[in-house]
Structure formats: C-alpha cells, structure tokens
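Build me a model from this:
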Amino acid sequence: MEMAGRETTLTSALVRLVDTLVVEYDPVDLTQDLVETSIELLDADAAGLLLTDGRGELQVLASTSEETRLLELLQVQAAAGPCLQTFRTGEQVRIADLDSVAEQWPAFTDRARQQGYRSMCALPMRLRNDRIGTLNLFSRRVGALDDEQLRIAQALADFATIGILHARVLADSLTVNEELNHALNSRVIIEQAKGMLAERGNLSMDIAFQRLRGFARDNNRRLADLARAVVDRTITVDAIVPDSQPDDTANRTM
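Reported below is the predicted structural model:
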C-alpha cells in the first residue's frame, strides 16, 4: 500500500475506534474491523484476535478467515503458542521465521506452515496492568513486521482495548466482565449463523460470514442481533442468501 493510502486507512481506522468511546457499538464488529484493518495496513496476510472471558480464559473473537480462526483455536485448546505467551506475559512476541520455534510449539507451527505462514507477531491487548487478549498477525513471508509497523499494530490494539472496555465501565469490573462475556457469547451465535448460511447456500464459512455482516450493515442491524435472529429462525436464511435452497424448516420462519 502506498504511503498516502496507508495514512488514509490508518486515520479512518483510528476514527472508528475512537467513536466507540462516545457512541453505542458492537464489540464483535469492532474487533472484526480491527483484524481486517490490520492486514490492510500492514505486511500481514491474516489476523486473529483472542479475548479473555470472565474466568480469564481466552476465546477466539475475530479472524480474517476460517483457517486463521482454527489456528487460533488450536492454541487455546492446547494452552500453548505465541499468542498464549503474549497474553500471559503482556509482552509482544515477534517470530521472524516459524521454523525457529518448531520445537517449542510443534502443533502450532505445523498448522501455521500448512496454511503457508512463515512469520507472525502477537501483540497484547492491555490497559495499564490488565490484559484482556491478543492481536495476532501472520505473514506468508519470512521476516516479522518492522518496528514502525509494529508500533501501528500495537496502537490499533490499544485503541481497540479501550473501546472494548469502554470508559464508562472501567471502574466496574463486574460490568466489564459482563460486557466481555456478552461479546464472546455473541461470537458463538455468529458461528452458528455462519454454519446455517454456509449449509443452506452451499458457501464457504468465510463467504457466509461476509454475507451475514454485509446484510447487517446494509440494514443497520447489530451483527450479533442478526445472527441470533438467524439461529432463532425469526429471519429467513434466504433473506440473507437469496440463492439458498428452501427446506421444511425455512417454511416455518418469517
């Protein structure tokens, strides 16, 4: 990306993140914006975001592809990987060549290399001493992000952290946990809705998510609310995927 285009994209991203401090927002959509903006701005080919729930356990909240989501999920399930290390230590992990950590994290590196990734960076999402998750960037080239790009990535992660916690609830840890849990629960519903759209429309999970998110934005609806309507069958799947095949279940919906 040319410098002028990169600056415009960065400015737009920061404005959206700052807006979360003063207007109602959807944490799921916010974090999806974050991962998509990261690969648009930086020398990264994929991105994922892990967020801690009320019990302090990490969950996958956003990713730029289904393959990346599964790669992040692998780390969570194994309780091992660079993203987990970043969350535990609060320090960035920069891996210029994944071959160098193959012995340390064999399952993670094997899966990452199968997907074509050769390097990665994991950045903490933190506010002062509190850590709520990690932003993880993957590249198909050897060589992690340079210092300038890493500063941009960390700035995006920091802005998103403030947006997620929200200034109005920072002093109330119970409310913070409730908001984070709500965001994580919403992601579960979104995954269910994605699966329904993918099955009915014969789509990949990535395309199904794009359809779901696009419909939500076109109709000014929160992504999580739309996903729940799909799962609850209060909106028809073919309203979102017009070329899907109707079935008996669909006939009982709107």
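
Break down this structure into its strands, ranges please.
Along the chain, the stretches classed as strands by DSSP state E are 46-52, 58-63, 93-95, 119-127, 130-139.

among the ones you listed, which is nearest M196?
Counting by CB to CB, M196 lies closest to strand 58-63 out of the strands of the chain; the figure is 18.8 Å. Where C-beta positions appear, they are placed from N, C-alpha and C, glycine not excepted.

neighbouring strands for the closest one, and are they parallel or not?
strand 46-52 (antiparallel) (DSSP bridges).

Low-confidence ranges, this structure, go.
Flagging of the chain using pLDDT under 70 yields the residue ranges 1-7, 9, 13-25, 54, 166-182, 243-254.

all helices for it, in order.
All helices of the chain, identified by DSSP state H, fall at 3-19, 27-41, 66-78, 82-89, 106-114, 147-165, 173-201, 205-218, 223-232, 237-240.

Redo these as a markdown table? Include distance to R141.
Putting the helices of the chain into a markdown table (distance: least, CB to CB, whole Å) gives the following:
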| stretch | distance to R141 |
| --- | --- |
| helix 3-19 | 18 |
| helix 27-41 | 13 |
| helix 66-78 | 16 |
| helix 82-89 | 17 |
| helix 106-114 | 13 |
| helix 147-165 | 13 |
| helix 173-201 | 29 |
| helix 205-218 | 22 |
| helix 223-232 | 32 |
| helix 237-240 | 36 |
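
and the gap between the residue nearest the centre of the chain and N202?
Taking CA atoms, centre = their mean, the centroid of the chain lies closest to A62, which sits 1.6 Å from it. Distance from A62 to N202, counting by CB to CB, to the nearest Å: 25 Å.

What residues does the nearest residue to L223 once chain neighbours are set aside make contact with?
In this structure, L223 finds its nearest non-sequential neighbour in A216, 4.6 Å apart by CB to CB, 6 or more residues apart in numbering. When contacts are counted by CB atoms under 8 Å, 6 or more residues apart in numbering, A216 touches 29, 222-223, 225-226.

repeat for L127
Neighbour list for L127: 158, 161-162, 165, 170 [criterion: CB under 8 Å, 6+ apart].

of those, closest to F108?
Checking these against F108 with CB to CB, the nearest one is T161 at 23.8 Å.

beta partners of the residue lying closest to that closest one once chain neighbours are set aside?
Ranked by CB to CB, 6+ apart and with sequence neighbours excluded, the top spatial neighbour of T161 is M125, at 4.4 Å. For M125, the beta-bridge partners are G133 (DSSP bridges).

Which residues are in contact with M125?
By CB under 8 Å, 6+ apart, M125 lies in contact with 49, 51, 131-135, 157-158, 160-161, 164.

Distance of it relative to P27?
12 Å.

cool, D33 as well?
Distance of D33 to P27, given as CB to CB: 11 Å.

for V237, same thing?
According to CB to CB, V237 and P27 sit 25 Å apart.

again with A239
In terms of CB to CB, A239 sits 25 Å off from P27.

Settle it for me: which of these two has more neighbours?
The neighbour comparison of A239 against P27 (other CB atoms under 10 Å) goes to P27, with 25 against 15.
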